[in-house]
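Undergrad: Please find the sequence and the predicted model below.
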Amino acid sequence: MKVYIKIMVIAAILFSIFFNEQLIAQDKKETNGKIEKFEKALEKKQEDKLKEKTDRRNHEQKHHRHRRRNSFVGEFIVRPLFEYTFLYVFIGPPGEYAPIDHEFFARSSFAEYPYATPDVGLYSNMTSKHYAVTLSGNYFYNNPELHGYSFRSRLYPSSVLGVELRFTDLIEDLLANSDHLQIYDVLVNYHRVREKRWTLRWGLGMKGINGDKNHKGMALNLGTEIYLKKPVSLYVNYNVGLFNDINAVKESRYQLNWHINRNIIYIGYHRFSTGSAVLDGVIAGIGIYF
């Protein structure tokens, strides 16, 4: 219990530092806020794309001879090595062999909820439960003017695949009005690692952004959760949205989860970025497992 108290005290200190910095920096409300700056950064893709194309053409002309000399190494050594490593880590060879415990991996199903059995997280080989549902929601805080909320749901029709829905609404109170930015994802995840204390998943789907203009694009997702010791787990997720008409949007999320039977309480950090613009904040929320 002393370890958990220390973790919570450290988390509280970090949150306090973050809040104080945001309050000092925000002496008064601005007419043009962070959300508007974020949306402007999204729209810079066309000019950036033109500059990148010119730079690439100049670079290719300059290094054409050098590239020819190194083509053999890249084609027959580096590329195959990268491809086989990628296939093993993210997909696995035939039979989907486990990175750590093959017997557990092959027979894994879902636990009733994380830590229903001590030292066992989301996956277990002692149950016959082959589906699971999780729901969660949290408050997002950057400063007194910029705040919001998020909802997430995950449906696992099998231990291998999962469908994930996410929605975030950011609100910024300005002098004249309030500015909103909504970001949502629809993802299909493949659960590559299904161990007692560690899960790793990656997925594809769609990412949408609703602001002054609406955009939709492809999303790539990578996430992991480590079950440290009952009742604590650490969750990390990285997501990027790729669009034709605007810059890519990168999203990262870090959570410290406290499991209480089927329920979780969590605190963490949530960040969106595009170009040089960033919208980030601390989060606190609750969730439930079915």
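TA: Received the coordinates, thanks.

Undergrad: Pass me the low-pLDDT residue ranges in the stretch 1-150 of the chain, would you?
TA: 1-31, 45-107 (pLDDT under 70).

Undergrad: Which secondary structure state is assigned to Ser136?
TA: strand (DSSP: H, G, I helix; E, B strand; the rest coil).

Undergrad: so it makes contact with Tyr149?
TA: No: judged on Cβ atoms under 8 Å, Ser136 makes no contact with Tyr149 at a distance of 11.3 Å. No exception for glycine: its C-beta is placed from N, CA and C like everyone else's.

Undergrad: who's more crowded, those two?
TA: Ser136 (20 against 15; other Cβ atoms under 10 Å).

Undergrad: Which strand residues bridge the residue nearest to the more buried one when sequence neighbours are not counted?
TA: Nearest residue to Ser136 in three dimensions, chain neighbours excluded: Gly287, at 3.1 Å (Cβ to Cβ, 6 or more residues apart in numbering). For Gly287, the beta-bridge partners under DSSP bridges are Ser136, Ile264.

Undergrad: Need the pLDDT of Gly287.
TA: At Gly287, the pLDDT value in this model is 97.

Undergrad: could you list every residue that touches it?
TA: Taking Cβ atoms under 8 Å, 6 or more residues apart in numbering as the contact definition, Gly287 lies against Thr134, Leu135, Ser136, Gly137, Arg152, Asn263, Ile264, Tyr266.

Undergrad: Who wins on neighbours among those?
TA: Neighbour counts for the contacts of Gly287 peak at Ile264, which has 22 neighbours (criterion: other Cβ under 10 Å).

Undergrad: Count the residues that sit near Asp245.
TA: 12.

Undergrad: Could you do Lys207 as well?
TA: The burial count for Lys207: 25, using other Cβ under 10 Å.

Undergrad: Over to it. Which of the three states is it?
TA: Taking three-state DSSP as the rule, one finds Lys207 in the strand state.

Undergrad: Kindly provide the distance from it to Gly285.
TA: Between Lys207 and Gly285 the distance is 21 Å, computed by Cβ to Cβ, to the nearest Å.

Undergrad: export the helix or strand that Lys216 is a member of as CSV, just CAs?
TA: Using DSSP states H and E, Lys216 sits within strand 214-229. Extracted in CSV, the C-alpha atoms of strand 214-229 (Å, rounded to 0.1, in the frame of the first residue of the first chain):
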residue,chain,number,x,y,z
ASN,A,214,-14.8,19.0,-41.3
HIS,A,215,-12.2,16.5,-42.3
LYS,A,216,-12.0,12.7,-42.5
GLY,A,217,-9.0,10.5,-43.1
MET,A,218,-7.3,7.2,-42.3
ALA,A,219,-6.1,6.4,-38.8
LEU,A,220,-3.3,4.2,-37.6
ASN,A,221,-3.3,3.1,-34.0
LEU,A,222,-0.8,1.5,-31.6
GLY,A,223,-1.5,0.8,-27.9
THR,A,224,-0.3,-1.2,-24.9
GLU,A,225,-1.3,-1.8,-21.3
ILE,A,226,1.0,-3.1,-18.6
TYR,A,227,-0.5,-4.6,-15.5
LEU,A,228,2.1,-3.7,-12.9
LYS,A,229,0.7,-5.0,-9.7
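
Undergrad: about what we covered before: now distance to Phe243 too, for the contacts of Gly287, in CSV please.
TA: Listed next are the contacts of Gly287 as CSV, based on distance: Cβ to Cβ, whole Å:
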residue, distance to Phe243
Thr134, 28
Leu135, 28
Ser136, 27
Gly137, 27
Arg152, 22
Asn263, 36
Ile264, 32
Tyr266, 30
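
Undergrad: I figured Ile283 hits Arg271, correct?
TA: No: judged on Cβ under 8 Å, Ile283 makes no contact with Arg271 at a distance of 10.2 Å.

Undergrad: neighbour-wise, which of these two wins?
TA: Ile283 (22 against 14).

Undergrad: how close does the more buried one sit to Tyr235?
TA: From Ile283 to Tyr235 the distance is 11 Å (Cβ to Cβ).
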